[in-house]
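> Need a 3D model of the sequence below.
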Amino acid sequence: MGARRLAVFWLVAGAACGSSASPFPPGTPPEETGGSGGGATGGTAGTVTPDAARATGGATADADATPVPPADSAAAPDLATPAPDTASPPGAFPLDGVKAMKAEAWAAANAHLEGPSFRMGEIFFAADGAGWGMMRVDANRKLYRYHPKLSPIGSYLLADRSLLVCDHNLILVQVFEDGKVAQLNSDFEGQAIEYCNDITVDGSGNLYVTGRHTGIIYRIAPGGEVVKVASGLGLPNGVEVDPDSKYLYFGASGGIMRVALPDGGGNAFAKPERVGAAGNADGMAFDAWGNLWIADFSGKRLVILAPDGKTVATVATGGGPINLTFGDDGSVFVLNDFKGVARMGPVPGLRGFLHKGALKYQVKKMLDLVPANQPVN
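Purely as a prediction, here's the structure:
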């Protein structure tokens with residue numbers, strides 16, 4: 001899962017953990033798979049102001065207090081549409097370097113891993129089903145239980161360095177750079193959406209989440225409006241929006257699908273179309289050239305698709321990849337299920353892509369949660 005300010009490419013960083021046999025049938029991605037994220041390079045991210053403080057005009061609010069919306073939300077910048085995503089041209093795609101990438105064990109974790117995001121030299125991810133919560137690997141490859149009371153799945157890094165996170169129990173949360181946690185609105189027609197498996201962001205700051213068990217993809221606007229993008233899908237997973245915000249891509253029933261996004265943020269979505277195949281597609285991420293990098297779980301590889309759907313390259317990952325995230329030095333970090341994090345590269349000039357996100361998302365309440373940062377031996 002998603003980044004920010006006037007530039008769309010920005011600095012972030014990380015690593016994570018594993019070994020043991022997967023309990024899932026061969027060639028089948030784990031049931032709770034997903035997660036979106038990735039690093040990219042460019043402008044400097046800004047200072048985070050937690051939602052509760054913004055809602056009180058910058059004053060510090062109680063951790064469990066419900067933020068008070070501004071009196072004039074139309075004039076307030078909190079829900080403003082972000083500036084257009086822009087960045088310097090990335091140069092030629094380093095195809096030869098990408099094809100030559102080898103997997104290097106980076107950090108071990110004997111668990112089902114999900115939703116990596118690379119931020120400032122560290123990787124944040126989920127140890128789904130292990131009861132470890134949100135994990136963190138620092139720049140020295142030291143592993144921590146960062147937020148053990150969360151039950152995360154997918155994640156997306158925003159430009160203010162906060163993380164949007166799908167959570168088994170809370171549906172959708174935002175974890176700020178200082179570790180504070182806000183539960184975000186996810187109500188559709190008066191009830192919370194059934195599930196949030198994977199998450200991404202478009203150029204206007206809208207969120208998109210996949211319901212793997214329900215076959216539904218939702219769009220959540222910064223102001224809290226929730227609409228259905230598509231339904232009746234076969235195990236939708238790994239959702240991403242291309243750099244031009246023209247299409248929403250996702251994996252479903254082994255294929256790579258996309259939905260054309262309506263101009264001007266309307267609610268009339270086209271019927272999903274198939275654009276390619278990538279084995280058992282799980283998580284995915286875009287690079288700066290608009291190529292879609294896909295974790296092919298059964299193929300134990302990354303599949304890279306060009307914007308026209310043609311395969312650019314495939315790269316072995318040394319395990320069953322669940323998801324990936326780009327580092328800030330041309331590296332790609334891959335979560336291999338029940339093995340841990342593998343580092344691919346670095347490849348000089350390789351850059352990931354993330355949309356900035358909105359300045360603020362509608363908060364249900366601030367949660368009384370603080371980072372534990374418990375070392376894992």
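
> does G97 sit in a helix, a strand or a coil?
Reduced to three states with DSSP: H, G, I helix; E, B strand; the rest coil, the structure at G97 is helix.

> That one is in contact with P348, isn't it?
Yes. Between G97 and P348 a contact is recorded at 6.6 Å, counting by CB atoms under 8 Å. The C-beta positions use only the backbone N, C-alpha and C, and glycine is treated the same way.

> who's more crowded, those two?
More neighbours surround G97 than the other of G97 and P348, with 15 against 9 (other CB atoms under 10 Å).

> pLDDT value on the more buried one, please?
At G97, the pLDDT value in this model is 98.

> do the same with the one 10 residues further on
At A107 the predicted local confidence, pLDDT, stands at 94.

> counting contacts, what elements does the helix or strand hosting V341 pack onto?
Using DSSP states H and E, V341 sits in strand 340-344. Here strand 340-344 touches strand 103-108, strand 112-119, strand 332-336, going by 3 or more CB pairs under 8 Å, 6 or more residues apart in numbering; DSSP states H and E.

> Mind listing residues that contact the last one?
With CB atoms under 8 Å, 6 or more residues apart in numbering as the test, strand 332-336 has contacts from 14-16, 18, 35, 101, 103, 106, 113-114, 116, 118, 123, 125, 283, 293, 295, 302, 317-327, 341-345, 350, 352.

> List the contacts of I256.
Y249, F250, R274, V275, G276, A277, A278, A281, L292, I294, L305, G309.

> Kindly provide the distance from it to G234.
Between I256 and G234 the distance is 13 Å, computed by CB to CB, to the nearest Å.

> Low-confidence ranges, the stretch 201-350 of the chain, go.
For the stretch 201-350 of the chain, the stretches with pLDDT under 70 are 254.

> those strands in it, which residues are they?
In the stretch 201-350 of the chain, the strands defined using DSSP state E, counting those that start in this stretch lie at 207-211, 216-220, 226-230, 237-241, 247-252, 255-260, 273-277, 281-286, 292-296, 301-305, 311-316, 321-326, 332-336, 340-344.

> is it possible to export those strands to JSON lines including distance to L367?
Shown next, in JSON lines, are the strands of the stretch 201-350 of the chain (distance: least, CB to CB, whole Å):
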{"stretch": "strand 207-211", "distance to L367": "18"}
{"stretch": "strand 216-220", "distance to L367": "18"}
{"stretch": "strand 226-230", "distance to L367": "20"}
{"stretch": "strand 237-241", "distance to L367": "25"}
{"stretch": "strand 247-252", "distance to L367": "28"}
{"stretch": "strand 255-260", "distance to L367": "32"}
{"stretch": "strand 273-277", "distance to L367": "38"}
{"stretch": "strand 281-286", "distance to L367": "25"}
{"stretch": "strand 292-296", "distance to L367": "30"}
{"stretch": "strand 301-305", "distance to L367": "35"}
{"stretch": "strand 311-316", "distance to L367": "39"}
{"stretch": "strand 321-326", "distance to L367": "25"}
{"stretch": "strand 332-336", "distance to L367": "25"}
{"stretch": "strand 340-344", "distance to L367": "27"}
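
> Just tell me which of the ones you listed ends up closest to G357.
For these, the distance to G357 is smallest for strand 207-211, at 8.3 Å, taking CB to CB.

> Excluding sequence neighbours, find me the nearest residue to P321.
In space, and not counting its chain neighbours, P321 is closest to A295: 3.8 Å by CB to CB, 6 or more residues apart in numbering.

> so how far is G255 from the one you found?
A295 is 15 Å from G255, by CB to CB.

> now A221
A221 sits 28 Å away from G255 when distances are taken as CB to CB.

> same deal with F269?
Distance of F269 to G255, given as CB to CB: 18 Å.

> can you list the helices and strands packed on strand 340-344 in CSV and add mean neighbour count and distance to L158?
Shown next, in CSV, are the helices and strands packed on strand 340-344 (neighbours: other CB atoms under 10 Å; distance: least, CB to CB, whole Å):
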stretch, mean neighbour count, distance to L158
strand 103-108, 19, 24
strand 112-119, 30, 9
strand 332-336, 29, 18
